[in-house]
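A.B. asks: Sequence below, structure please.
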Amino acid sequence: MIKIHQGNSLKLEPSDCNIVIDVIRAFTVAHYAFLNGAKRILLVPTTDEAFSLKRKHPNFVLAGEEHGIGIQGFDFDNSPKRISKERLDNLTIVQKTTNGVQATLNSLNTKHLLVTGYSNAKSTASFVKKVIKGRSSTINIIASHPTGDDDLACAEYIKALILEQNIPANIEIEKRIKQSHVCEKFYDPTNLLFNKADIALCSREHPSNFVMKLVQDSEIPTIERFAL
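C.D. replies: Just a heads-up that it's a prediction; the model follows:
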């Protein structure tokens, strides 16, 4: 059974698998961070916790946003375009975001917890099909933005891929992402806080040979690469 939910503050029943989606932009950032060599990503709910970890571990790298805007004192904002240009070999990233991270921290009550944007959606669906077997399995797909059609489009795409039924064309998904109200500020030339180049990466598939999976026994919820 596969259910799609929307929002970042849901409290779901125990499941076999939860997939948390943040297309614009947290888990597109995470995907490109891993592509560029990051070792792991720690998820924290507050900036205070992020800064505390940085004080204890000066080599940690802070990335994220509040209300979409980069956080003063963080090493990176929430831009996949920017992080795609960085070498992050073997680094630990601490990530704090409004929707994706928060939704993930509320989705820990499961056997398998994965995160993704659209860029690695196909690989994520393939992993779930391989690992989760049986009609009685419960899979929740969480579109973390409470009102964004970008995450919802990606959720519907992943569900169709897992079920191998009525799979929408990529051009349809990409159109929904780009036309989501979440993108409006990125296309506003007067708003210099948001880079429209981020949307190009968020709306482009870049399937990888790994998925982004939470380490269930970690003291701090931690995303690591798991090979397909």
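A.B. asks: What are the boundaries of the helices in this protein?
C.D. replies: Taking DSSP state H as the test, the helices found in the chain are 26-35, 47-56, 80-83, 100-105, 121-131, 149-163, 170-179, 197-202.
A.B. asks: quick one, what contacts the residue positioned nearest the centre of the chain?
C.D. replies: Nearest to the geometric centre of the chain sits residue 27, at 2.4 Å (C-alpha atoms, centre = their mean). Residues in contact with residue 27 (C-beta atoms under 8 Å, 6 or more residues apart in numbering) are 20-21, 100, 115-117, 120, 212. The way it works is simple: take the backbone N, C-alpha and C, and place the C-beta from them, glycine included.
A.B. asks: could you redo these as a markdown table and give each row distance to residue 51 and neighbour count?
C.D. replies: What follows is the contacts of residue 27, written out as a markdown table (distance: C-beta to C-beta, whole Å; neighbours: other C-beta atoms under 10 Å):
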| residue | distance to residue 51 | neighbour count |
| --- | --- | --- |
| 20 | 24 | 31 |
| 21 | 27 | 33 |
| 100 | 20 | 31 |
| 115 | 23 | 30 |
| 116 | 27 | 29 |
| 117 | 26 | 32 |
| 120 | 29 | 26 |
| 212 | 24 | 25 |
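A.B. asks: Relative to residue 159, how far out is residue 152?
C.D. replies: 11 Å (C-beta to C-beta, to the nearest Å).
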